[in-house]
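[1] Need coordinates for the below:
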Amino acid sequence: MAHHPEPKDSRRRRLMLASLGVLGAAGVRAQDGAARNRALYLQRGDEREARLLEGAGREKPVNLYTSLNTKDAAPLTEAFEKKTGIKVVVWRASSEKVLQRAVTEARAGRHAVDVLETNSPEMEAMYREKLLAEFFSPQFRDLAPAAFPKHRHYVADRFSFFVVGYNTDLVRPDQVPASYQDLLHPRFAGRIGIEAGDIDWFGAMVKFMGEDKGLAYFARLADSRPQIRSGHSLLGELLASGEVPITATIHNHNIERLARQGAPVQWKALAPTFGRPNAIALAARAANPHAALLFADFVLSTQGQTILRERNRVPASLAVPTPLNRFAYEMIDPVITLDEFEKWEGLWSRLFLKGQKPKRDEA
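    Below is the predicted model of the structure:
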């Protein structure tokens, strides 16, 4: 299983968009060959699983392209192989490299990938290029409504939520913010940590508040001299050590992992809570469609979602209980990343980074 480190600068989105600028023909070619898999992907009925297992027995190992890190992907693939006897070949890379490899191969007429699992903006980009196919799984009944985009060509299998994190030794219970406005209290001046690359969260927040009010709010937050750090994992470690007493943007699974290790940290979901879905999709022209669909079924099943929960991820299934999703939330619109990124990056940079380009982290 190859490992490629995640890049951390904002060049990520520009590379993604640049790659899409030359892919018009790729989408057409992918559409031509998708019909043979469509009926299979959408089939239902009591004998569905038996038919898929029989078909998968005639296929080669299923090829998975994913940005899920190796230590979390391995338990999933190993459990699937043990359950079905179907082998999984994993290519692991950053989300933009998953996108670039899939579309580059499609342009060349080489359809090696069967299943994709990565961030929703890259999924949305592949959907626009017609590289994905709508599919049905009986596991859909257990998924949160937010797991499904309107076109249903990919489905969230896990979420990352942006929450407030705080050090319980440094922030008293009566000081814990009840709203984002509370972060503007003078007691937090110079003490708030913010992840340097959370531009899509910023765009979603401003849109929710209304652009004028939202930008006015973030200007006040910037005036409070927040500590800008690169990396959600790093921010969590600084929170645990007390160097940063409170953070405005951190993933709750980062905090949960630290708390289980005994760190004096907690998190709180403020309204609105925005999430970034990571999703699973089937390649429209998968060479091993039966095995691909079985693997998607497994990842979305109670067993697969429990494995993700055990890896401190936030499962998309409501059948797998976890405190990490027991609050109202909304998904960040991929349009912010795909079509409006330069706008939000520029505003963010001027407010928080003195005009410099942000670095980015997906941990």
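[2] C-alpha only now, for contacts and for neighbours.
    Fine.
[3] check contacts around Pro277.
    119-120, 147, 156-160, 331 (CA atoms under 8 Å, 6 or more residues apart in numbering).
[4] so it bridges to which residues?
    On the basis of DSSP bridges, Pro277 is bridged to Phe159.
[5] now swap in the one 4 residues further on and tell me
    When bridges are assigned using DSSP bridges, the partners listed for Ala281 are Leu116.
[6] gap between it and Tyr127?
    For Ala281, the distance to Tyr127 equals 9 Å [CA to CA, to the nearest Å].
[7] if I look at these two, which residues touch both of them?
    His153.
[8] With neighbour numbers in mind, choose between the two.
    Ala281 (27 against 21; other CA atoms under 10 Å).
[9] Now find how far off-centre the longest helix anywhere in the chain is within its chain.
    When the chain is parsed with DSSP state H, its longest helix is helix 70-84. Offset of helix 70-84 from its chain centre (CA atoms, centre = their mean, to the nearest Å): 19 Å.
[10] what helices or strands is it leaning on?
    strand 88-92, helix 289-300, helix 302-310 (3 or more CA pairs under 8 Å, 6 or more residues apart in numbering; DSSP states H and E).
[11] quick one, it and helix 289-300 angle?
    Taking axes from the mean of the first three to the mean of the last three CA atoms, to 10 degrees, one finds helix 70-84 and helix 289-300 inclined to each other by 120 degrees.
[12] Just want the angle from helix 70-84 to strand 88-92.
    Here the directions of helix 70-84 and strand 88-92 differ by 170 degrees (the same axes, to 10 degrees).
[13] what's around the residue nearest to Leu221 when sequence neighbours are not counted, how many residues?
    Nearest non-adjacent residue to Leu221, counting by CA to CA, 6 or more residues apart in numbering: Leu184, 6.1 Å away. By the criterion of other CA under 10 Å, Leu184 has 19 neighbours.
[14] Thr70 now?
    For Thr70, the neighbour count with other CA under 10 Å is 17.
[15] does it really touch Trp91, like I thought?
    No: with contact defined as CA atoms under 8 Å, Thr70 does not reach Trp91; the gap is 9.6 Å.
[16] Nearest to Ala56 among the contacts of Pro277?
    For the contacts of Pro277, the minimum distance to Ala56 (CA to CA) is 22.3 Å, reached by Asp157.
[17] Now do the SS call for the closest one.
    Judged by DSSP: H, G, I helix; E, B strand; the rest coil, the three-state class of Asp157 is strand.
[18] Offset the numbering so it begins at 47, please.
    Let's use 47 as the start, then, which means that last one is Asp203.
[19] Tell me who's in contact with it.
    Neighbouring residues of Asp203 by CA under 8 Å, 6+ apart: 193, 323-326, 345-346, 351, 361-363.
[20] could you check the distance from Ala325 over to Thr150?
    Distance of Ala325 to Thr150, computed by CA to CA: 20 Å.
[21] which one of those two has more residues nearby?
    Remark: of Ala325 and Thr150, Ala325 carries more neighbours, 25 against 16, as counted by other CA under 10 Å.
[22] pretty sure the more buried one is touching Ala202, no?
    Yes: judged on CA under 8 Å, Ala325 makes contact with Ala202 at a distance of 3.8 Å.
[23] Return every residue with contacts to both of those two.
    Joint contacts of Ala325 and Ala202 (CA under 8 Å, 6+ apart) are Ser166.
[24] so after the helix or strand bottoming out on mean pLDDT in the chain, what's the next helix or strand?
    When the helices and strands of the chain are compared on mean pLDDT, DSSP states H and E, helix 70-79 comes out lowest with a mean of 48. Next along the chain after helix 70-79, taking DSSP states H and E as the criterion, comes helix 81-87.
[25] so where do the strands sit in this protein?
    Applying DSSP state E to the chain gives strands spanning 108-112, 134-138, 161-165, 178-179, 201-213, 238-241, 273-275, 292-297, 311-314, 320-329, 360-361, 376-377.
[26] Show me how far the last one is from its chain's centre.
    What that stands for is strand 376-377. With CA atoms, centre = their mean, you get 12 Å for strand 376-377.
[27] Please list the outside residues in contact with it.
    Residues outside strand 376-377 that contact it (CA under 8 Å, 6+ apart): 192, 318-323.
[28] Strand partners (parallel or antiparallel) of it?
    strand 320-329 (parallel).
[29] Let me see the mean pLDDT of the strand it pairs with.
    Averaged over strand 320-329, pLDDT sits at 96.
[30] Show me which parts of that strand are buried, residue by residue.
    Across strand 320-329, burial judged by 16 or more other CA atoms under 10 Å covers 320-329.
[31] which one of those sits closest to Leu267?
    Leu267 has its nearest neighbour among these in Phe320, at 18.2 Å by CA to CA.
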